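Visitor: quick one: sequence and predicted model below, then my questions.
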Amino acid sequence: MTDRDALFAGLRRWPDVEDAALQAHDASDALILDQAAGGTAQGRMPAEVVVIGDRHGALTLGALHDGAERVRVHQDSIVGERALDANAAAAGMTGYAHHQLDASLVEGARLVLLQLPRSLDELDEIAELVATHADERVVLVAGGRVKHMSMSMNALLGRSFRSVHASLGWRKSRVLRAQAPRRPGVSWPRTRRHDVAGEPLIVAAHGGAFAGTSIDIGAQTLLAHLPEILDRQLAADAPQVVDLACGTGVLGVALALAHPDIGVLATDASAAAVASARATAAANAVEDRVVVRQADGLEDVPDASVALILLNPPFHIGAAVHTGIAERLIADAGRALAHGGELWCVWNGHLGYRPLLDRIGETRQVSRNAKFVVTATRRR
């Protein structure tokens, strides 16, 4: 076992969801690092490296282990950031700094390491950013598991870089090397106009936001109950609503548009979601009543303080179908709900969240179709 293997073996996902089926690293992390260092004259990392999409610290700490002295890193998930910090502390390593996905992350960069996202839109935004703002000699080394890669990724990178080459496969992983930036400019976020309950709603989205500028089917299903949600909200005389795991902010913004006295706190662990929700609120001129915060669930919300929470929870962790995040969000909603407050939740019927909801309080099924269930849970 090499020193880097030993480093990887000690990595944990905590405080992210931990499960025997979920890993803190995989072979693509090692391949990205090997390919990046192999492209230098010394076979080691240059002093300055940019890392994008690191999940729990493998790329960042691996780059520092392999010779980098300063690493600028962007991770979409706030929980992933905290996992990197915890793993770095356990390994006694420093030398990296967290950044937003903006020009400051990549300005002057000559080597960028990327864990390939599954979303082509997210890859497009990252490629545009690097090709527009990094050094003209920049090399982007982007890797992932072969089963999640496609030729569309090569073509998409080719829109921002003149040279794109794929490595040979290794342990079911592969790397794409992109060079010679075209300086395309950045075209994100993007917007789309929708009709919700007879009223216009503009959705803004960055590349990494779930569903993009569309309104996903789960959110559409919950929005169909907007009049009933508003009636119960106003009867409770509680103008503060929480849009938990807000994504692009569709639910919270729709409520704010429907009633001028409602204030919304929208939270999400994803930086792309938070940036999108802020842009959605601004596009609909309700940014003064929709406060958007990046957070792990409702970590900054006091116990028993909220009268109404809306939740359209994710059921994936990376590429894996897993209910761990939804379980945490439901439990956190139960903690934050005031006595008599309600959690309105839309979920895939086959996932069976009802026992989790029943632990909070009295749950009634509001509607059910072939795919989704909408429930309202009143805290005891």
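Guide: Done, it's in. Residues are numbered from 1 along each chain as shown.

Visitor: okay, helices next: where are they in the chain?
Guide: Using DSSP state H, the helices found in the chain span residues 3-9, 27-38, 58-65, 78-91, 103-106, 120-133, 151-160, 217-223, 226-235, 250-258, 271-283, 324-336, 354-358.

Visitor: report all helices and strands that the last one contacts.
Guide: Which is helix 354-358. helix 324-336, strand 372-379 (3 or more C-beta pairs under 8 Å, 6 or more residues apart in numbering; DSSP states H and E). C-betas here are computed from N, CA, C, even on glycine.

Visitor: mind listing what's buried along that helix?
Guide: Leu356, Leu357 (16 or more other C-beta atoms under 10 Å).

Visitor: can you list contacts of it?
Guide: Glu327, Ile330, Ala331, Leu343, Cys345, Thr363, Thr375, Thr377 (C-beta atoms under 8 Å, 6 or more residues apart in numbering).

Visitor: give me the buried entries from these.
Guide: Judged by 16+ other C-beta under 10 Å, buried ones among the contacts of helix 354-358: Ile330, Leu343, Cys345, Thr363, Thr375, Thr377.

Visitor: list the contacts of Ile229.
Guide: Leu255, Leu308, Leu310, Trp344.

Visitor: likewise for Val264?
Guide: Here Val264 is in contact with Gln240, Val241, Val242, Asp243, Gly252, Val253, Leu255, Ala256, Arg289, Val290, Val291 (criterion: C-beta under 8 Å, 6+ apart).

Visitor: I'd like to know which of those residues is nearest to Phe210.
Guide: Asp243 (13.6 Å; C-beta to C-beta).

Visitor: what about the nearest residue to the closest one once chain neighbours are set aside, how many residues close to it?
Guide: Once flanking residues are discounted, Asp243 sits nearest to Gly252: 3.3 Å by C-beta to C-beta, 6 or more residues apart in numbering. Gly252 has 30 neighbours, counted by other C-beta atoms under 10 Å.

Visitor: so who does Gly252 touch?
Guide: Per C-beta under 8 Å, 6+ apart, neighbours of Gly252: Val241, Asp243, Cys246, Val264, Leu265, Ala266, Ala277, Ala281, Val290, Leu310.

Visitor: quick check: the farthest pair among those residues?
Guide: Ala281 and Leu310 (14.9 Å).

Visitor: the closest residue in space to Asp121 that isn't next to it in sequence and Gly95: what is the separation?
Guide: Nearest-residue entry for Asp121: Gly207, 4.0 Å, with adjacent residues in sequence omitted and distances by C-beta to C-beta, 6+ apart. Gly207 sits 28 Å away from Gly95, going by C-beta to C-beta, to the nearest Å.

Visitor: out of the two, which sits in the busier spot?
Guide: Taking neighbours as other C-beta under 10 Å, Gly207 and Gly95 compare with Gly207 leading, 24 against 15.

Visitor: now that one: phi and psi?
Guide: Main-chain dihedrals, Gly207, degrees, to the nearest 10: phi -60, psi -30.

Visitor: for it, give me its contacts.
Guide: Pro117, Ser119, Asp121, Glu122, Leu123, Asp124, Glu125, Ile126, Trp188, Ala272.

Visitor: got a markdown table for those, with neighbour count too?
Guide: Formatted as a markdown table, the contacts of Gly207 follow (neighbours: other C-beta atoms under 10 Å):
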| residue | neighbour count |
| --- | --- |
| Pro117 | 23 |
| Ser119 | 15 |
| Asp121 | 19 |
| Glu122 | 22 |
| Leu123 | 24 |
| Asp124 | 20 |
| Glu125 | 24 |
| Ile126 | 27 |
| Trp188 | 22 |
| Ala272 | 26 |
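
Visitor: out of these, which two sit at the greatest distance?
Guide: It's Pro117 and Trp188 that sit farthest apart of those, by C-beta to C-beta, at 13.3 Å.
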